[in-house]
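>>> I need the structure of the sequence given here:
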Amino acid sequence: MKKWKLIEKFLIKFIYEEITKTGLKKGILGLSGGIDSAVVAVLAKKALGDNFKAFLLPSQFSSKSSIEDAKKLCEKFDIDYEIISIAPLLEAYKIDDKVRFGNFSARMRMAVLYDKSAELNALVIGTSNKSELMLGYGTLFGDLASALNPIGDLYKTEIFEFAKYLGVNEEIISKPPSADLWEGQSDENELGYTYVVLDEVLRDFVDNRATKNELLEKYDKNLVEFVLKKIYQNQFKRKPPIIAKLKARTIGHDFLYERDIRL
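All right, here's what the predicted structure looks like:
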């Protein structure tokens, strides 16, 4: 309990400071009815108060429970919200492939969010956890896009613990993890492993710096190969676009111009 209290306090301060240091006051996010966005929404409300707004962005394939769960969370924590359907955007661009359609849906949601951020003069707050980021389980310029991310250093299994501490609605905590991109979509079915299993390997490799041989001594070979392949294969999703170095001072190589800098 003490651990989560400290983390809560730190992340509330993080959200407030990272937004206000830009000269802005407001933050927004896409609230899916899932546990990650629920946790971030509760933190953002505590950090920004009335300067925070959630957007529910269902498609024609979203489950009714996702919207209802998101609305109940907003009512419980007094979060201002707006519902905008992305169904017309998806209808305008037909895609037969399920994965491509899911990626397109995620990008349409983020396109709406960034338009709303311009309208409201607000920053988009990210909701991807560390498990998703390390495995590359997310859509580039879709759900992976944001100006700041409070939970990117918390594994999925930690998010469940944190959500309970914060008082997130039980129906959100107990539902199987899903991006809700198509009917019946399940994160763990798509990945082929549960987050409990994946997080054990990720913690050992990422946080404890275990070697591949050390991992193979503890875990199934196929599981280790899967995790390591995903981490290295999807490194590009965790980095800004690489700029070809032609001059003495190149952005991203030599000149990391932090927005925190004070003249």
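
>>> low-confidence ranges in this structure?
For the chain, the stretches with pLDDT under 70 are 178-185, 255-263.

>>> and the strands in it?
26-30, 52-56, 80-83, 122-124 (DSSP state E).

>>> save those strands as TSV, and put in distance to Asn149 too.
The C-beta positions use only the backbone N, C-alpha and C, and glycine is treated the same way. What follows is the strands of the chain, written out as TSV (distance: least, C-beta to C-beta, whole Å):
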stretch	distance to Asn149
strand 26-30	10
strand 52-56	15
strand 80-83	20
strand 122-124	10
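
>>> nearest to Val168, of these?
strand 52-56 (13.4 Å; C-beta to C-beta).

>>> what comes up buried for the closest one?
52-56 (16 or more other C-beta atoms under 10 Å).

>>> quick one: distance of stretch 12-26 to the chain centre.
18 Å (C-alpha atoms, centre = their mean, to the nearest Å).

>>> what residues of that stretch count as buried?
Quick answer for stretch 12-26 (16+ other C-beta under 10 Å): 12, 14-16, 18-20, 24-26.

>>> one more: stretch 220-228?
223-224, 226-227.

>>> returning to what we had before: out of the strands of the chain, which comes closest to Tyr193?
strand 26-30 (25.9 Å).

>>> now what about the closest one, what contacts it?
Strand 26-30 is contacted by residues 15, 19, 37, 40-41, 44, 47-48, 51-57, 109-110, 113, 116-117, 120-127, 143 when judged by C-beta atoms under 8 Å, 6 or more residues apart in numbering.

>>> among these, name the buried ones.
15, 19, 37, 40-41, 44, 47-48, 51-57, 109-110, 113, 116-117, 122-127, 143.

>>> from those, which land in helices?
Judged by DSSP state H, helices contain the following of the buried ones among the contacts of strand 26-30: 15, 19, 37, 40-41, 44, 47-48, 109-110, 113, 116-117.
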